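Visitor: using only what follows, build the 3D model:
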Amino acid sequence: MTRSHRNAILAANDLQLLAQCEVDTYRASGPGGQKRNKTSSAVRLRHLETGQIVIAEESRSQHENKARALRRLRLALALYARCELSTDNATETVRQFVTSAGRIEISARNDQYPLVVADVLDLVAHAGGQVREAAQHLGITTSQLSRFLTSDGKILNAVNDLRKAAHLPPLKPSAD
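Guide: Next comes the predicted model:
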């Protein structure tokens, strides 16, 4: 998958992304009373091109669960769909969210979040798992990039998978 194709998938609106998925609805088990046990409100999405599967079953509303599943799918694609890149292209998306203090600051609710995560992980992969080299490409310190990579358990797992493949020790979760 090319970077532009992956990023087009990540930037697609909900209807476009749903069209690329197999959608299953089912009855979720667990607490929630009679309504939960009688309605098919849980949602499972399988992205046909990549095979990524996500579920959402927290809400009694199928619409809310579908929206959650789409957010989760975008993040799953960002975490695990690595692409070859030219470092110039990857840094332009991320640099929009680098503060004057040299921190990557973006809310997980921001629509650009999956794109930023994907590009940062592509840079780390391009650098052979070396956080210092990836930070240099971004023009930020190693500690600031490490803080971003360890701020979310899913990102940390993805970067540690990259580091493991490169025979490097894993990063440890931040103490924040």
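Visitor: run a quick check on Glu57 versus Leu45, I expect a contact.
Guide: No. If you go by CB atoms under 8 Å, Glu57 and Leu45 don't touch, sitting 11.9 Å apart. C-beta: built from backbone N, CA, C; applies to glycine.
Visitor: tell me which of those two has more neighbours.
Guide: Leu45 (24 against 21; other CB atoms under 10 Å).
Visitor: ok, now how distant is that one from Gly51?
Guide: Plainly put, Leu45 is 11 Å away from Gly51 if you go by CB to CB, to the nearest Å.
Visitor: how about Ser143?
Guide: 36 Å.
Visitor: the more surrounded of these two?
Guide: Each of Ser143 and Gly51 has its neighbours counted (other CB under 10 Å); Ser143 has more, 12 against 8.
Visitor: tell me which element the more buried one falls in.
Guide: helix 142-150 (DSSP states H and E).
Visitor: please name every helix or strand in contact with that helix.
Guide: Where contact means 3 or more CB pairs under 8 Å, 6 or more residues apart in numbering; DSSP states H and E, helix 142-150 is packed against helix 113-126, helix 131-138, helix 153-165.
Visitor: using PDB, write out the CA atom coordinates for that helix.
Guide: Provided in PDB are the C-alpha atoms of helix 142-150 (Å, rounded to 0.1, in the frame of the first residue of the first chain):
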ATOM      1  CA  THR A 142      14.300  12.400  21.200                       C
ATOM      2  CA  SER A 143      12.600  12.800  24.600                       C
ATOM      3  CA  GLN A 144       9.700  14.700  23.000                       C
ATOM      4  CA  LEU A 145       9.200  12.000  20.400                       C
ATOM      5  CA  SER A 146       9.500   9.300  23.100                       C
ATOM      6  CA  ARG A 147       6.800  11.100  25.100                       C
ATOM      7  CA  PHE A 148       4.400  11.000  22.100                       C
ATOM      8  CA  LEU A 149       5.200   7.400  21.300                       C
ATOM      9  CA  THR A 150       4.600   6.300  24.900                       C
END
